[in-house]
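Student: could you work out the structure for the sequence below:
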Amino acid sequence: AEVLRTIGQRTTSANVRGWCLTRARDLEGLADLDRHRVHRFGRGQVLATDPATVVGALRVLLDPVPAGGVDDHLRWRVATVDGEVACGLWVRNRVAVPTDGAGAELELAMAHDVLADVFSGRRSMGDAVGDGSVVATGDAARIATVLSCFEVASLGS
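Tutor: Here you go, the predicted model:
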């Protein structure tokens, strides 16, 4: 923290100064930056984006530890105002690979607004499946295992 503070005080770059001083405050416990350490999807952002792009973004939110030993392909079918979008994620070898969803044994089907609610944390996937907003096809335990591999709390609950 002391070194970062010194660098921040001596640099002529406003960006570097801001980053160094903020990081120093974080290390000293003077700034709470926990909310910046968790990825969040905005509901409006999800609604304004193609569902395949949103689902594909999960690949960078895969936690490799719970993904160990998982080898499952999950298709997502999302009804939008323009029709239906099908896409997929294949979790294997501790990596999530975006696909077109063809050939997947597991499937989740939902409306675009339900996808936005789940990704933004307004409701959990478990609640959406429970009330019929999401239709899960295939082995429910395998679907739950795949969803729990991602660092999006609302998917794993």
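
Student: let's verify residue 101: helix, strand, or coil?
Tutor: Going by DSSP: H, G, I helix; E, B strand; the rest coil, the secondary structure assigned to residue 101 is coil.

Student: pretty sure it is touching residue 87, no?
Tutor: Yes - in this structure, residue 101 is within contact of residue 87 by C-beta atoms under 8 Å, at 5.3 Å. From N, CA and C alone the C-beta is placed, and that goes for glycine too.

Student: between the two, what contacts are shared?
Tutor: Residues touching both residue 101 and residue 87 (C-beta atoms under 8 Å, 6 or more residues apart in numbering): 75, 76.

Student: which other helices and strands contact the helix or strand of the chain with the lowest mean pLDDT?
Tutor: In the chain, no helix or strand scores lower on mean pLDDT, DSSP states H and E than helix 153-156, which sits at a mean of 90. Helix 153-156 is packed against helix 112-119, helix 125-130, helix 140-147, with contacts defined by 3 or more C-beta pairs under 8 Å, 6 or more residues apart in numbering; DSSP states H and E.

Student: check which residues of the shortest one are buried.
Tutor: Think helix 125-130. By neighbour count with 16 or more other C-beta atoms under 10 Å, helix 125-130 contains the buried residues 125, 126, 128, 129.

Student: now swap in stretch 51-59 and tell me
Tutor: By neighbour count on 16+ other C-beta under 10 Å, the buried set for stretch 51-59 is 51, 52, 54, 55, 56, 57, 58.

Student: take these and lay them out in TSV including distance to residue 137 and pLDDT.
Tutor: Shown next, in TSV, are the buried residues of stretch 51-59 (distance: C-beta to C-beta, whole Å; pLDDT from 0 to 100):
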residue	distance to residue 137	pLDDT
51	17	97
52	19	97
54	20	96
55	16	97
56	21	96
57	23	95
58	19	96
